[in-house]
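In: no sequence on this one, just coordinates:
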């Protein structure tokens, strides 16, 4: 892959990483720093109804799962940037078969690790 293409992909990766970091920060501010009553808008000294507490716990758990998934994507982005910075020419190569990943695929998901056939095989293994 040409250096100018690598620069474009690197910029895309860093932009995506910044977006994810803002999303994680937002989740952390909304979910982790607010108490159950604060999050529910209840400012009284009375305890929440059990159903309200369950809903709040579900919402908090859902938000934390989102943040965890975004963190995993950030790690994949970091790995892709490291490949580009190393200059070894392995960025854009499938980690399973070693073939070049299509540029169209990299433009959509610049941190992708596998070509389409290998990605399908990975997904079949997970099922």
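Out: Yep, it's here. Note that the coordinates shown come from a computational prediction; the quantities given were computed from them, not determined experimentally. Numbering: from 1, shown residues only.
In: immediately after the helix of greatest length in the chain, which helix or strand?
Out: Counting residues, the longest helix found in the chain (DSSP state H) is helix 50-86. Using DSSP states H and E, the helix or strand that directly follows helix 50-86 along the chain is helix 103-108.
In: what helices and strands are in contact with that next one?
Out: helix 3-27 (3 or more C-beta pairs under 8 Å, 6 or more residues apart in numbering; DSSP states H and E). Heads up, the C-betas are built off the backbone N, CA and C, glycines and all.
In: angle of the helix it packs on against helix 50-86?
Out: 160 degrees (axes from the mean of the first three to the mean of the last three C-alpha atoms, to 10 degrees).
In: quick one: contacts of helix 3-27?
Out: 63-64, 66-67, 70-71, 73-74, 77-78, 80-81, 84-85, 91-92, 103, 106-107, 110-111 (C-beta atoms under 8 Å, 6 or more residues apart in numbering).
In: weed out the non-buried ones from these.
Out: 63, 67, 70, 74, 77, 80-81, 84, 91-92, 106, 110-111 (16 or more other C-beta atoms under 10 Å).
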